[in-house]
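J.: okay, sequence plus prediction incoming.
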Amino acid sequence: MALKPKPRTNALVRLLGVSKSYTQPDGYDIPVLDDITLDIEPGQFVAILGPSGSGKSTLLRIITGLVSPSYGTVLYRGRPLDGPNPHAAMVFQSFALYPWLTVQQNVEMGLMAKGMPLKERHERARRLIDLIGLNGYEDGFPKELSGGMRQRVGFARALAVDPELLLMDEPFSALDFLTAENLRSELLDWWLDHQLPTEAILMVTHGIEEAVFMADRIIILSKNPARVVADLSVTLPHPRNRKASEFIGLVDQVYKIVTGWDEAPTAAAAPADAPAAGEAARLKPIPTGHLSMLTGLLELVADRGGRDDLYHLGSELLLEVDDLLPVTDTAELFHLAKVEEGDLILTPDGLKFCEADAAVKKAMIRDELVQIPIFRLIERVLRSKANGTMGREFFIDILEEHFSAEEAEVQLATAIYWGRYADLFHYDTDAETLYLPDEEDADSEAR
């Protein structure tokens, strides 16, 4: 259940009923954010968590003024935000440096845009380059730097303009584990030691441990569309010990909220005899779980008695919640498992699936697929064609009436992968066509 934020009078940022939708060619609006109401106060380090595709990055861009909400109001220090926020700066996950500029020149970009005199600009950039530990690399180019060093330049460039609000969009996700860990700790030290000019930090992350380790407040979003389902205070003192029972307990609590915000699978199966007009109204997205990972995860849980804690599973397999959620959503969609209180629990069908041979596994998945609207649509189209074949672009055009162009590609790629696995239909990569299997092949598979 969502915890309603308390009214605050000194909020740096205030979002009031912010919603965002993207209009499709057919005029249908795809909602991304729905009624987001929250405040960000000075002195806060806030982490935003949520499933992949839950609109976290869109929310950041609305706060910076780069994207306008469809509905609702964004206030900065009590005044409506109109256009880019001059008091905010963003750190991106992809570094986003100009490759033809040196480290010094990249850091100075924002200062140059503000018209700062050359001498002052040089001095401020050099102070920040020293702070981030890259002194001596002022004249280096991005291609000469490691990923961690490039991200340090990204931090320096954002901090150079003295932002009151620092926004970070998964700033450590493109780095290797050790580099990310070092930079994470250093940024936290800068913040706690008041070496940063910023008054508040808002960080989008998919790492639950990262959020608990760094933030003093965690906002958890749902998906399709994103809503605030929890707003938690983190009162653990710094430096935080990941092995402490209080830390582990809070991570587990957040894991349960993130994995259990919606009792229903992402795309609930419709009855086999549902009318075609009903499914044509609006297709629901299917999760993007990889079937080999699904099989391995279920077998691992089966060996442990049919139930295991998702947080411990993720830690053991070195998977973040964003990696596990598509798999667990797929398991729920196929009625092979369910998620309760942060645990993955196999159903009787799930236990049967783990013990079955490859042919039976395929048959079980096929029986589930034919109940899902997107697969019924594909199969019906193929069966309506004399040659049982239809081009990929035809289905993309249909899906783009229900999803964004990017999501339509993801949905069809997932559907093709699952359909081929279950021998529901095949796909010719060269011709980019979907087609039904020959009857002889289907009979052979059934035998």
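T.: Perfect, I can see it now.

J.: output the lowest mean pLDDT helix or strand found in the protein.
T.: Lowest on mean pLDDT, DSSP states H and E among the helices and strands of the chain sits helix 276-281, with a mean of 43.

J.: show me how the record splits the chain into domains.
T.: 13-260, 276-446 (automatic domain parsing).

J.: those into JSON lines, with extra columns for mean neighbour count?
T.: No exception for glycine: its C-beta is placed from N, CA and C like everyone else's. Shown next, in JSON lines, are these (neighbours: other CB atoms under 10 Å):
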{"stretch": "domain 13-260", "mean neighbour count": "18"}
{"stretch": "domain 276-446", "mean neighbour count": "17"}
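
J.: for Gly17, give its distance to Leu167.
T.: Distance, Gly17 to Leu167, by CB to CB, to the nearest Å: 21 Å.

J.: so where's this protein shaky on pLDDT?
T.: Applying pLDDT under 70 to the chain flags residues 1-9, 24-27, 95, 261-282, 439-447.

J.: list the contacts of Glu199.
T.: Contact analysis of Glu199 by CB atoms under 8 Å, 6 or more residues apart in numbering lists 12, 42-43, 164-165.

J.: I figured Phe92 hits Ser173, correct?
T.: No - contact criterion CB atoms under 8 Å: Phe92 and Ser173 do not qualify, at 10.3 Å.

J.: what does stretch 213-220 contact?
T.: Contacts of stretch 213-220 (CB under 8 Å, 6+ apart): 38, 44-50, 184, 187-188, 203, 211-212, 228-235, 240, 242, 247, 254, 257-258, 261.

J.: let's verify Gly115: helix, strand, or coil?
T.: In three-state terms, and counting by DSSP: H, G, I helix; E, B strand; the rest coil, Gly115 is coil.

J.: and the strands in the stretch 1-150 of the chain?
T.: 13-23, 29-40, 45-49, 71-76, 79-80, 88-91 (DSSP state E, counting those that start in this stretch).

J.: distance between the fifth one and the chain's centre?
T.: In this view, strand 79-80 has its centroid 29 Å away from the chain centroid, taken as CA atoms, centre = their mean, to the nearest Å.

J.: direction included, what does it pair up with?
T.: Sheet pairing of strand 79-80 (DSSP bridges) gives strand 71-76 (antiparallel).

J.: cool, and the first one?
T.: Each strand that strand 13-23 pairs with, and the sense of that pairing, follows from DSSP bridges: strand 29-40 (antiparallel), strand 71-76 (antiparallel).

J.: got JSON lines for those strands, with distance to Val370 too?
T.: Below are the strands paired with strand 13-23 laid out as JSON lines (distance: least, CB to CB, whole Å):
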{"stretch": "strand 29-40", "distance to Val370": "26"}
{"stretch": "strand 71-76", "distance to Val370": "39"}
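
J.: out of those strands, which gets nearest to Phe177?
T.: Nearest of the strands paired with strand 13-23 to Phe177, taken as CB to CB: strand 29-40 at 29.2 Å.

J.: the closest one to strand 45-49, inter-axis angle?
T.: With axes from the mean of the first three to the mean of the last three CA atoms, to 10 degrees applied, the angle from strand 29-40 to strand 45-49 works out at 160 degrees.

J.: residues making contact with strand 29-40?
T.: The contact list for strand 29-40 (CB under 8 Å, 6+ apart) reads 4-5, 7-8, 11-24, 46, 55, 58-59, 62-63, 69-70, 72, 165, 200, 202, 219, 224-228, 231, 403-404.

J.: does the nearest residue to Arg307 once chain neighbours are set aside count as helix, strand or coil?
T.: Sequence neighbours aside, Ile345 is the residue nearest to Arg307 in space, at 4.8 Å (criterion: CB to CB, 6 or more residues apart in numbering). Judged by three-state DSSP, the three-state class of Ile345 is strand.

J.: which residues touch Ile345?
T.: Taking CB under 8 Å, 6+ apart, one finds 306-307, 337-339 in contact with Ile345.

J.: for it, name its beta-bridge partners.
T.: Arg307, Lys338.

J.: and it, how far is that from Asp329?
T.: 14 Å.

J.: ditto for Ile378
T.: Counting by CB to CB, the gap from Ile378 to Asp329 is 20 Å.

J.: and what of Arg376?
T.: From Arg376 to Asp329 the distance is 19 Å (CB to CB).

J.: Ile201 belongs to a strand?
T.: Yes - read with three-state DSSP, Ile201 is one of the residues of a strand.

J.: gap between it and Arg217?
T.: On the measure of CB to CB, Ile201 and Arg217 end up 10 Å apart.

J.: touching both of the two, which residues are there?
T.: Joint contacts of Ile201 and Arg217 (CB under 8 Å, 6+ apart) are 44-46.

J.: and which of the residues you listed is nearest Gln151?
T.: Phe45 (17.9 Å).

J.: my guess is that closest one meets Thr198, correct?
T.: No - using CB under 8 Å, Phe45 is not in contact with Thr198, being 9.8 Å away.

J.: need the overlap of contacts for the two.
T.: Trp191.

J.: picking up where we left off before, among the strands paired with strand 13-23, which comes closest to Gly147?
T.: strand 29-40 (28.7 Å).

J.: span of stretch 365-373 from start to end?
T.: 15 Å (CA to CA, to the nearest Å).

J.: let's verify Leu196: helix, strand, or coil?
T.: coil.
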